[in-house]
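Undergrad: Any chance you can model this:
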Amino acid sequence: ANRNITGIAGGADGKIFNVCNIGTTNTLVLVDESASSTAANRFALDANITIQVERCQRLVYDSTSSRWRAQQ
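TA: Numbering: from 1, shown residues only. Sure thing, here's the model as predicted:
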């Protein structure tokens, strides 16, 4: 089944985290500003990001806003 990710613990300023979908059929969704995660673990995105099979999304932690941000 498709999976939603609402946050990642352990952020520190400038920390880089790559989320990769190594599944075979389902997507991963990074949920923008989800209340299901502690504020400091949330994503600050323009919208939800869907990661297709065999794709990755790089995130960088911003300690000023205490959020993970997508990096191109």
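
Undergrad: Can you give the distance of stretch 21-28 from its chain's centre?
TA: In terms of C-alpha atoms, centre = their mean, to the nearest Å, the centre of stretch 21-28 is found 15 Å from the chain centre.

Undergrad: all strands of the protein, in order?
TA: In the chain, the segments counted as strands under DSSP state E are 3-5, 16-20, 28-30, 49-51, 56-62, 67-71.

Undergrad: Highest mean neighbour count out of those?
TA: Most buried of the strands of the chain, by mean neighbour count (mean count of other C-beta atoms under 10 Å): strand 28-30, with a mean of 20. From N, CA and C alone the C-beta is placed, and that goes for glycine too.

Undergrad: Quick one: residues contacting residue 60.
TA: For residue 60, the contact set (C-beta atoms under 8 Å, 6 or more residues apart in numbering) comprises 14-17, 68-69, 71.

Undergrad: What distance do you get for the nearest residue to residue 61 once chain neighbours are set aside to residue 64?
TA: Leaving aside its sequence neighbours, residue 61 sits nearest to residue 11 (C-beta to C-beta, 6 or more residues apart in numbering; 3.7 Å). Using C-beta to C-beta, to the nearest Å, residue 11 is found at 12 Å from residue 64.

Undergrad: Which one's more surrounded, those two?
TA: Taking neighbours as other C-beta atoms under 10 Å, residue 11 and residue 64 compare with residue 11 leading, 20 against 6.

Undergrad: picking up where we left off before, pretty sure the residue nearest to residue 61 contacts residue 63?
TA: Yes. Contact criterion C-beta atoms under 8 Å: residue 11 and residue 63 qualify, at 7.4 Å.
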